[in-house]
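**Q** curious how this folds, go ahead:
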Amino acid sequence: MAVTQTTQGPFFAGAGPISWSDLREQFRAANIDGTFDNDNNPISVSELYRITDLTNTDPNVPDCTENRVNPIPTTGTFPISRMRNSIKYWFITQTGNDSNLDLDNQTYNSNLNRNIRKRLRIQGTVSSTNTGAPAATFNAQATNVRIEVRENGRILGAGGAAGNRPNGVGGDAGDAITVNSTGGNNNIIDLNNTANVWGGGGGGDGGADGTRTDNSLRFYGGSSTSFVQCVPVGRGVRCFTVCRNDGGALSCASRAPAGTTGTPGCQGGYNPPGCACGSCIASVNTTVSTQGTNGVAGRGFNNQTNGLAATAPVNGGSATSGGDGGDWGQAGNGPGNVAGGGGAGGSSIGGGGANFTITGTQNGTTLRGATF
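**A** So this is what the prediction gives:
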């Protein structure tokens with residue numbers, strides 16, 4: 001895990017002097033991005049009270065564990081030494097690679113739901129290979145939290161599994177980040193224009209098995225096709241076998257295989273007195289079982305480069321292809337590659353979003369998948 005915690009401050013540590021101009025600079029003129037306003041006006045004691053109101057989005061002197069140690073008073077007059085070891089802002093910075101990062105379970109020194117402004121800066125890659133676990137989560141009561149997905153910061157969900165034939169179901173994809181702060185206030189997700197917050201793609205369903213009809217020529221032996229004819233001879237009769245001279249059709253038809261189409265023919269000629277076609281030929285339809293094809297896994301941190309297209313059955317007849325895998329944040333396809341019929345795509349920012357808002361650049365580059 002590459003997560004670090006820093007603060008702006010502590011100020012005035014040790015026994016050195018504390019000037020009013022330094023107090024003005026650090027608490028009224030300072031901005032959280034490291035810049036300072038051009039401020040030369042006098043600062044009063046009342047502007048240095050520790051503010052505890054959770055609706056205050058930018059207190060001069062915030063409420064936090066560190067500012068309660070002396071403590072900095074909330075009313076009345078107080079010695080300026082109470083400002084020693086005070087802080088202004090709190091920072092959590094993620095770099096490198098982390099998986100399933102719990103953003104509310106970092107080091108905040110019990111300041112998560114106090115009004116000190118806190119920035120969580122995602123500068124590396126946060127990922128998941130488990131569709132049941134978002135790449136990043138923030139699910140705690142909090143105030144004045146700003147999650148910044150900064151330049152080249154990436155939060156990538158897991159792709160859904162492929163459904164296997166026959167009729168296997170493609171897996172739902174995982175979310176990139178889920179956020180919720182029941183009872184909190186002024187919490188933000190801010191997106192740099194090169195940030196990537198991408199839910200995983202759903203898996204494609206498996207195709208159905210089926211059948212096909214193959215037609216082929218079949219050779220087989222014929223049967224006797226004759227009748228007995230008797231004629232008077234003197235005072236008696238003479239009986240003899242007469243073959244049906246039909247080119248072998250009756251001889252071959254009587255033993256034609258199941259599925260024969262058209263009229264079978266004799267290939268070998270009659271063989272009197274048996275009156276059978278020595279070799280018959282027929283065109284025969286045969287039903288053959290065929291297999292559908294597997295679906296394809298969706299795009300995700302666990303599947304960043306593999307193809308998403310399902311293959312079609314080869315000579316599959318009524319068998320169907322599996323579904324394509326979904327791209328980032330998109331559903332996979334269903335059996336027969338029906339669009340959107342497979343596993344659901346993951347959210348880019350999900351979890352209900354209570355007491356959170358999204359700011360910054362919101363487009364197809366920064367967000368892929370639904371938002372709250």
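
**Q** shaky segments in the stretch 251-372 of the chain?
**A** Residue ranges of the stretch 251-372 of the chain with pLDDT under 70: 268-274.

**Q** show me where it has helices.
**A** For the stretch 251-372 of the chain, no helices are identified by DSSP state H, counting those that start in this stretch.

**Q** same check on the stretch 1-150 of the chain?
**A** Under DSSP H, counting those that start in this stretch, the stretch 1-150 of the chain gives helices at 20-23.

**Q** point out where it drops to low pLDDT.
**A** Short version for the stretch 1-150 of the chain, where the test is pLDDT under 70: 1.

**Q** tell me the contacts of W90?
**A** W90 makes contacts with 5, 7, 64, 108, 111, 116-119, as judged by C-beta atoms under 8 Å, 6 or more residues apart in numbering. (C-beta placed from N, C-alpha, C; glycine too.)

**Q** now do 6 Å
**A** By C-beta atoms under 6 Å, 6 or more residues apart in numbering, the contact set of W90 is 7, 111, 116, 118.

**Q** again, but for E151
**A** When contacts are counted by C-beta under 6 Å, 6+ apart, E151 touches 192, 194.

**Q** any chance of TSV for the contacts of W90, columns distance to G159?
**A** As requested, the contacts of W90 are exported to TSV (distance: C-beta to C-beta, whole Å):
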residue	distance to G159
T7	38
N111	36
I116	38
K118	32
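
**Q** of those, closest to S99?
**A** K118 (22.5 Å; C-beta to C-beta).

**Q** hmm, back to that, return the closest of the contacts of W90 with respect to G34.
**A** Of those, the one sitting nearest to G34 (C-beta to C-beta) turns out to be T7, at 12.9 Å.

**Q** my read: that closest one touches I87, true?
**A** Yes. The pair T7 / I87 is scored as a contact, 4.6 Å apart, by C-beta atoms under 6 Å.

**Q** more neighbours, the two?
**A** Higher neighbour count among T7 and I87: I87, with 20 against 16, using other C-beta atoms under 10 Å.

**Q** distance of the more buried one from N113?
**A** From I87 over to N113 the distance is 17 Å, taken as C-beta to C-beta, to the nearest Å.

**Q** ok, now V242?
**A** Using C-beta to C-beta, one gets 109 Å for the distance from V242 to N113.

**Q** who has more neighbours, the two?
**A** N113 (17 against 13).

**Q** so that one touches A140, yeah?
**A** No. Judged on C-beta under 6 Å, N113 makes no contact with A140 at a distance of 7.8 Å.

**Q** burial of the residue nearest to I349 when sequence neighbours are not counted, as a residue count?
**A** Computed as C-beta to C-beta, 6 or more residues apart in numbering, the closest residue to I349 that is not its neighbour in sequence is T371, at 4.5 Å. Residue neighbour count, defined by other C-beta under 10 Å, stands at 17 for T371.

**Q** which parts of the stretch 101-250 of the chain are strands?
**A** Using DSSP state E, counting those that start in this stretch, the strands found in the stretch 101-250 of the chain span residues 101-102, 117-122, 125-127, 136-139, 145-149, 154-156, 177-180, 187-191, 196-198, 210-220, 226-233, 236-243.

**Q** save those as TSV, and put in distance to Y49 too.
**A** Listed next are the strands of the stretch 101-250 of the chain as TSV, based on distance: least, C-beta to C-beta, whole Å:
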stretch	distance to Y49
strand 101-102	34
strand 117-122	17
strand 125-127	38
strand 136-139	30
strand 145-149	23
strand 154-156	38
strand 177-180	31
strand 187-191	24
strand 196-198	38
strand 210-220	77
strand 226-233	122
strand 236-243	123
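
**Q** can you get me the start-to-end distance on stretch 197-217?
**A** 61 Å (C-alpha to C-alpha, to the nearest Å).

**Q** just the buried residues of it, please?
**A** Using 16 or more other C-beta atoms under 10 Å as the test for burial, stretch 197-217 gives 197-210.

**Q** so G202 touches G343, yeah?
**A** Yes. If you go by C-beta under 6 Å, G202 and G343 touch, sitting 3.2 Å apart.

**Q** which residues do those two both contact?
**A** When contacts are counted by C-beta under 6 Å, 6+ apart, G202 and G343 are jointly contacted by 160, 170, 172, 332.

**Q** quick check on the last one: phi, psi?
**A** Note on G332: backbone dihedrals following degrees, to the nearest 10 are phi -80, psi 170.

**Q** what about it, neighbour count?
**A** 40.

**Q** excluding its backbone neighbours, what's nearest it?
**A** Nearest to G332 is G342, by C-beta to C-beta, 6+ apart, at 2.9 Å.

**Q** quick one: that neighbour and G170, what's the gap?
**A** 4 Å.

**Q** what do these two both touch?
**A** 202-205, 332.

**Q** the buried residues of stretch 197-217 in helices, which ones?
**A** Among these, no member is found in helices (DSSP state H).

**Q** and the two most separated of those?
**A** The span of the buried residues of stretch 197-217, defined through C-beta to C-beta, is set by V197 and G210 at 41.3 Å.

**Q** circling back: for the residue nearest to G332, give me phi and psi.
**A** phi -100, psi -150.

**Q** contacts only, for it.
**A** By C-beta under 6 Å, 6+ apart, the contact set of G342 is 170, 202-205, 323, 331-334.

**Q** what about it, distance to G325?
**A** With C-beta to C-beta as the criterion, G342 and G325 are 8 Å apart.

**Q** what residues are shared contacts of those two?
**A** Common neighbours of G342 and G325 (C-beta under 6 Å, 6+ apart) are 203-204, 332.

**Q** per-domain residue ranges of this protein.
**A** Split into domains by automatic domain parsing, the chain comes to 3-204+345-368, 212-290.
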